[in-house]
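>>> Sequence and predicted structure below; questions after.
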Amino acid sequence: MRRSSLDDWFFNAKKGDAKKLVELIGNKTAWNIDVRDEKARTALFLAVESGNLTCVENLLQNGADPNRRSQFGAPAHMAIETRNVEMLRLLLGYGAHTYTENDKHLTVLECANQVFGEQNVQYILETIDAKKDELESKRRASSLKGQGGRVLITTPLPEVQPKDITHCFDDVYAEGPYSLYTKGIVDKDCVIIKKYKNTGNKELVKKLFSNEVMILSDLRHPNILLLMSACYGPSTSDLCMVLEPVEQQVFLHKMIHVDHEQIADDFSLRIARDVVCGLLFLHNRGFIHCYLGSHSVVINKQTKQAKICNFEYARAVHIGTSSDEPISHLEPLYEWMAPEQLEGMAADQHGDVYSFGILVWEMLTGKRPFHGIYNFKSLTGGKEDPRVRTIPAKWIGFMKELVRDCLLPPAVRPTSEQVFEWLDGVVNNRLVHYRPAHLTLEELPPLFPLIKPKPDKRKSK
């Protein structure tokens, strides 16, 4: 039987085959360098057990977390169990914690003292102190390469164990093909839990989860739902993310299509401005969302702030370029997908702006994206999108122009920066005479215009 890419990953880790593991990382075959097997062991843990220093160092250099615990303990516990001082020294140098406990509730430091003696352990700690900061910064800056050769700079994300999460399945906020959002409790605090489903294609579910964790852990912005920690298994049914709690939260999709709530004009403007603000940040960080829609926006009804979520299909790109990969095969994205991407073109930032236009259209009309659309030809014929004509009369002014511009062909579609500057101007009662597609940022009037000094009449006399 042919091994899956995941089986191949663990097989080579057990062998300590550094060359093969690096090859898998380079080919992006390994979906997550810290993925764990049925005993919650990472490739790093298995490589430490194999005793291959080169293999372990390669994994650490590519971002493997030395503190990811298995059922038996951390990789450092295994280094101590195999009495490998150099391995322990290497792990500690890359940031392994001395206070991490094993299955017997013994810390790394306690185990090391028992095996090597306190005096020897103290000497080990002293010798690596000088190098630790340098090695730690290298580890934090290293990660799997993104698309197009871009390196994603990631930081270690706190891990939570399945037993520490209480899922409140009576409070389901939203549900998609592969995941659902529920209320949860972690350390007695209420949070939002995004739980991935243990159904269908498990390899795909793991890949989506890994991609979302990797990208979302690199994003910190008021208009992006904050990822606080994640649960990595050991089984697919345990995969979930712990997200920031949102007071009186509601998904925009539920407001529009389930509750049929009439969103006030100024509220619609603020939601649109917040969403495109988060989108602009995302684009400036070198990512595209690919799944932006009303289902991917959480609203705080108390503060009226909007936050973007659902990053499982997001991709890393060079700023201003495409991902080089089409997304036309991803059926869940169809309703918000740009026409050129439905035809097979690669995903890019212009596609996100189109999706944003459809999101705004949803708010203005209260209808599903494909309402009144009976075939893709009406969207891909190069003519004006027929949905623009269905916007209610009260919005015929600037908001209709916004939607129209966002649904233009990609060559003349505005950027997220242009849309944000325009919407921010509308919200703050300025620049309302500009359309987003024709807004040149260099021509923006100053927010606080200079006041010309009045001529001194005394001097003229």
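Okay, I see it.
>>> hey, let's count contacts and neighbours off CA atoms from now on
OK.
>>> My guess is residue 419 contacts residue 276. True?
Yes. Checked against Cα atoms under 8 Å, the pair residue 419 and residue 276 is within contact range at 7.2 Å.
>>> Wait, residue 349 touches residue 288, no?
Yes. Using Cα under 8 Å, residue 349 is in contact with residue 288, at 5.8 Å.
>>> More neighbours: which of the two?
residue 288 (29 against 26; other Cα atoms under 10 Å).
>>> What pLDDT does the model give that one?
Looking at residue 288, its pLDDT stands at 92.
>>> residues in contact with it?
For residue 288, the residues meeting the contact criterion (Cα atoms under 8 Å, 6 or more residues apart in numbering) are 282, 314-317, 347-349, 352.
>>> so what are the domain limits for the protein?
7-142, 162-243, 249-438 (the TED database).
>>> and the first one, what's its mean pLDDT?
Domain 7-142 shows a mean pLDDT of 77.
>>> What of stretch 189-201?
pLDDT averaged over stretch 189-201 gives 86.
>>> buried residues in it?
190-198 (16 or more other Cα atoms under 10 Å).
>>> Can you tell me how far residue 174 is from residue 275?
Counting by Cα to Cα, to the nearest Å, the gap from residue 174 to residue 275 is 18 Å.
>>> Looking at these two, which is more packed in?
Comparing residue 174 with residue 275 by other Cα under 10 Å, the one with more neighbours is residue 275, at 26 against 17.
>>> my guess is that one contacts residue 308, does it?
Yes. Contact criterion Cα under 8 Å: residue 275 and residue 308 qualify, at 6.5 Å.
>>> returning to that earlier point: of the contacts of residue 288, which belong to helices?
When DSSP state H defines the helices, the subset of the contacts of residue 288 inside them is 282, 349, 352.
>>> Show me which of those is closest to residue 36.
Distance to residue 36, by Cα to Cα, is smallest for residue 282 among the ones in helices among the contacts of residue 288, at 29.0 Å.
>>> contacting residues for that closest one?
Counting by Cα under 8 Å, 6+ apart, residue 282 has contacts 219, 288-289.
>>> Kindly report the same for residue 227.
Residue 227 neighbours (Cα under 8 Å, 6+ apart): 213, 216-217, 241-244.
>>> Quick one: the strands in this structure, in order.
165-175, 179-186, 189-196, 227-231, 240-243, 249-251, 287-288, 297-300, 305-308, 315-316 (DSSP state E).
>>> and the ones you listed, which is most packed in?
strand 287-288 (a mean of 27; mean count of other Cα atoms under 10 Å).
>>> distance of residue 402 from residue 105?
From residue 402 to residue 105 the distance is 59 Å (Cα to Cα).
>>> Give me the more crowded residue out of the two.
residue 402 (21 against 11).
>>> That one against residue 357, yeah?
Yes. The criterion here is Cα under 8 Å, and residue 402 meets it with residue 357 at 7.4 Å.
>>> now the contacts of residue 282 as CSV including distance to residue 271?
Listed next are the contacts of residue 282 as CSV, based on distance: Cα to Cα, whole Å:
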residue, distance to residue 271
219, 20
288, 19
289, 17
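>>> for the stretch 301-450 of the chain, which spans come out with low pLDDT?
Applying pLDDT under 70 to the stretch 301-450 of the chain flags the ranges 318-333, 369-397, 429-450.
>>> what about 50?
Applying pLDDT under 50 to the stretch 301-450 of the chain flags the ranges 431, 442-450.
>>> just to revisit the earlier point, so what sits against both of residue 275 and residue 308?
223, 297.
>>> any idea how far residue 240 is from residue 405?
Residue 405 is 37 Å from residue 240, by Cα to Cα.
>>> Then residue 72?
Counting by Cα to Cα, the gap from residue 72 to residue 240 is 22 Å.
>>> cool, residue 98 as well?
27 Å.
>>> Equivalent analysis for residue 185, please.
For residue 185 relative to residue 240 (Cα to Cα), the value is 13 Å.
>>> do residue 412 as well
40 Å.
>>> What lies in contact with stretch 180-193?
For stretch 180-193, using Cα under 8 Å, 6+ apart, the contacting residues are 164-169, 171-175, 194-197, 240-246.
>>> switch to 7 Å and redo it
The contact list for stretch 180-193, computed with Cα atoms under 7 Å, 6 or more residues apart in numbering, reads 164-169, 171-175, 194-196, 240-245.
>>> middle-most residue in the chain, spatially?
The centroid of the chain falls nearest to residue 216 when counting by Cα atoms, centre = their mean (2.5 Å).
>>> confidence score at the nearest residue to it once chain neighbours are set aside?
Of all residues beyond its chain neighbours, the one nearest residue 216 is residue 227 (6.4 Å), with distances taken as Cα to Cα, 6 or more residues apart in numbering. Residue 227 is assigned 93 on the pLDDT scale.
>>> How about the one 3 residues further on?
On the pLDDT scale, residue 230 is placed at 90.
>>> quick one: it from residue 424, how far?
The value you get for residue 230 to residue 424, if Cα to Cα is used, is 34 Å.
>>> Check the burial of residue 110 by counting its neighbours.
18.
>>> residues near the residue nearest to residue 83 when sequence neighbours are not counted, how many?
With Cα to Cα, 6+ apart as the criterion, residue 83 has its nearest non-adjacent residue at 7.5 Å, and that residue is residue 115. Neighbouring residues of residue 115 were enumerated by other Cα under 10 Å; the total is 14.
>>> All the helices of the stretch 1-150 of the chain, in order from the start?
5-15, 18-26, 43-50, 53-61, 75-81, 85-93, 108-116, 118-141 (DSSP state H, counting those that start in this stretch).
>>> who's in contact with the nearest residue to residue 40 once chain neighbours are set aside?
Nearest residue to residue 40, sequence neighbours excluded (Cα to Cα, 6+ apart): residue 70, at 4.5 Å. If you count contacts by Cα under 7 Å, 6+ apart, residue 70 has them with 39-41.
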